[in-house]
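*Asks:* Whatever this is, show me its structure:
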Amino acid sequence: MSSQNAPLLEMKQISKDFFGNQVLSDINLTLNEGEVIGLVGENGAGKSTLMRILFGSTMIHETGGYGGHVIINGEEVSFNSPFDAIGAGIGMVHQEFSLIPGFTTTENILLNREPVKKNVASDIFGDRLDTLNRAEMDDRASKAIELMGVDIDKKMVISNMPVGHKQFTEIARELSKEQLRILILDEPTAVLTEKEAEALLESIRGMAKRGIAIIFITHRLQEILAVCNRVVVMRDGVVVKDTPAEETDVQQITKWMVGREVSGGSGASVRSHEDAKDILSIEKLWVDMPGETVRNVNLTVKEGEILGIGGLAGQGKLGIPNGIMGLYQAGGRVVFEGNEIPLNEPRKCLDSSFAFVSEDRRGVGLLLDESLEWNIAFPSMQIQNKYLKNYLGGLVKWRDEKAIREITEKYIDELAIRCTSSKQKARELSGGNQQKVCLAKAFALSPRLLFVSEPTRGIDVGAKALVLEALRRFNRENGVTIVMVSSELEELRQSCDRIAIVSGGRIAGILPANASVEDLGALMLSQVK
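*Replies:* Here you go, the predicted structure:
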């Protein structure tokens, strides 16, 4: 029976493992009507897995389910799919957009829930010939947008829309569901400008006043303090702190997020490259990348080092490699081994012996419907004429299937890529194995400089360790200079020689990787507004 005084949501003793790898252990979480809690933790802390359990993700059931209890209004529930969760009043806005580009805002807000009206044809031939009730659709969309408190054009086609407005469309879609009681927001401000983010925070306050309970996941800790009643900190699959927001601050939350009882060897392999030559010089770099602020980056990279770039979400760390490699419009000056590298020309970077492992492995990193052989060998074939046989004195070039297979099998072995064969499609691999294919592709280019962005995002602990070890080995055995961007400070401390912290679109400072968490955290917050 439901209890009058029971919290709206209770998650009790939640545990989850993926094939023997424990990712959540004894999680307890409560949420009251109209309450906003900030759920924070490094990537890989278990936040997304916990929310997938609450939202009835099929992925959870396909991997053996979970332990513990989910209780709503005093009654235990068990969701077999997101539709069950939606029926119980739970909504979720994911990091990746799930909008139809050719549809308008209104059509996306009411997708699969469109009001219809009868006509002569449907009276004769049945409901399938009902027509959309456009007036009611507009009315419902307008009400949802009004509830959100941020004005967006309900007639605009999604493909023409600024990225921030796409995020607001996702939120309006959840608000249009009358039964909504709990809303999960996963990094909703990552793609927003400062002004849009402030509008969203105001919108969250308004939703909470109307009794909607909100779980707010973000790396922007100052937003947590601005809008949340409580802060719940996760680390390594457990809740390490659950405290009223008014009783803590950003520095303390940072320490809970990244602190370890034991240093875990952080900085143990730090090497000084003070006497090495400057291999890469970045001056006054700006990058126009949605959700990232890169205003004026000045940075020098030493030959043979692993330089880490860290910072809070949206402060500019991801924009640096994406801008240099030509994926987004950029300006400034980049000099590599004494030669200026033209910006906004990706091919010039690749010809200069750069390689890039993108944070967007599905969108940029992989040819999902091609084999592992093709994914790993193709860039080297295209850029360096590797793995090709010459015929007729070089007039005709053809793939060297044997060499392609050998290089692929070499990296399958070295990186422990779990696959059925070198001919398996990239789409069929797990996230961690896809990430290893991205690394293998970059390694096969034999670059002089490797940019690697969020190398362990979304992959399990075992795969993380292997990926980081592969990068360290590639650096040491081949003398390749690596610039590694990561949201996880501890990951940078374990892998790098120096760490540059980006804040407010600039380099706030550079410290050795064995510097204290407090000193690195202080740099993260130094220019954040």
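*Asks:* which SS class is the residue nearest to the spatial centre of the chain?
*Replies:* Most central in the chain under CA atoms, centre = their mean is residue 457, positioned 6.5 Å from the mean C-alpha point. Secondary structure, DSSP: H, G, I helix; E, B strand; the rest coil: residue 457 is coil.
*Asks:* Pull up the gap between it and residue 154, please.
*Replies:* With distances taken as CB to CB, to the nearest Å, residue 457 is found 34 Å from residue 154. Yep, even glycine has a C-beta here, placed from its N, CA and C like the rest.
*Asks:* picking up where we left off before, pLDDT score assigned to the residue nearest to the centre of the chain?
*Replies:* According to the predicted model, the pLDDT of residue 457 comes to 70.
*Asks:* thinking residue 210 is in contact with residue 149, fair?
*Replies:* No: with contacts defined as CB atoms under 8 Å, residue 210 does not count as touching residue 149, sitting 10.6 Å away.
*Asks:* Between those two, which is the more surrounded one?
*Replies:* In this comparison of residue 210 against residue 149, neighbours counted by other CB atoms under 10 Å, the higher total goes to residue 149 at 16 against 10.
*Asks:* Quick check, the more buried one in contact with residue 204.
*Replies:* No: using CB under 8 Å, residue 149 is not in contact with residue 204; the gap is 9.2 Å.
*Asks:* mind checking how far residue 351 is from residue 326?
*Replies:* Where residue 326 is concerned, residue 351 sits at a distance of 12 Å (CB to CB).
*Asks:* So if I had to pick from those two, which one is more boxed in?
*Replies:* Legend: neighbour count by other CB under 10 Å for residue 351 and residue 326, higher for residue 326 (20 against 12).
*Asks:* list the buried ones in stretch 407-427?
*Replies:* When neighbours are counted by 16 or more other CB atoms under 10 Å, the buried residues of stretch 407-427 are found to be 407-409, 411-412, 414-415, 417, 419, 422, 424-426.
*Asks:* Can you give me the end-to-end span of that stretch?
*Replies:* The first and final residues of stretch 407-427 sit 20 Å from each other (CA to CA, to the nearest Å).
*Asks:* Contacts for that stretch next, please.
*Replies:* 366-373, 375-377, 380, 387, 405, 428-430, 433-434, 436-437, 439-440, 443-444, 466-467, 470 (CB atoms under 8 Å, 6 or more residues apart in numbering).
*Asks:* Strands along the stretch 151-300 of the chain, start to end?
*Replies:* Using DSSP state E, counting those that start in this stretch, the strands assigned to the stretch 151-300 of the chain run over residues 182-186, 213-217, 230-235, 238-244, 278-287, 294-302.
*Asks:* Tabulate those (TSV), appending mean pLDDT and mean neighbour count.
*Replies:* Output for the strands of the stretch 151-300 of the chain, formatted as TSV (pLDDT from 0 to 100; neighbours: other CB atoms under 10 Å):
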stretch	mean pLDDT	mean neighbour count
strand 182-186	90	23
strand 213-217	94	24
strand 230-235	93	24
strand 238-244	94	15
strand 278-287	96	18
strand 294-302	95	18
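*Asks:* could I get those as a markdown table with distance to residue 491?
*Replies:* Formatted as a markdown table, these follow (distance: least, CB to CB, whole Å):
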| stretch | distance to residue 491 |
| --- | --- |
| strand 182-186 | 20 |
| strand 213-217 | 19 |
| strand 230-235 | 13 |
| strand 238-244 | 18 |
| strand 278-287 | 21 |
| strand 294-302 | 19 |
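*Asks:* closest one to residue 31 among those?
*Replies:* With CB to CB, the closest approach to residue 31 among these belongs to strand 213-217: 4.9 Å.
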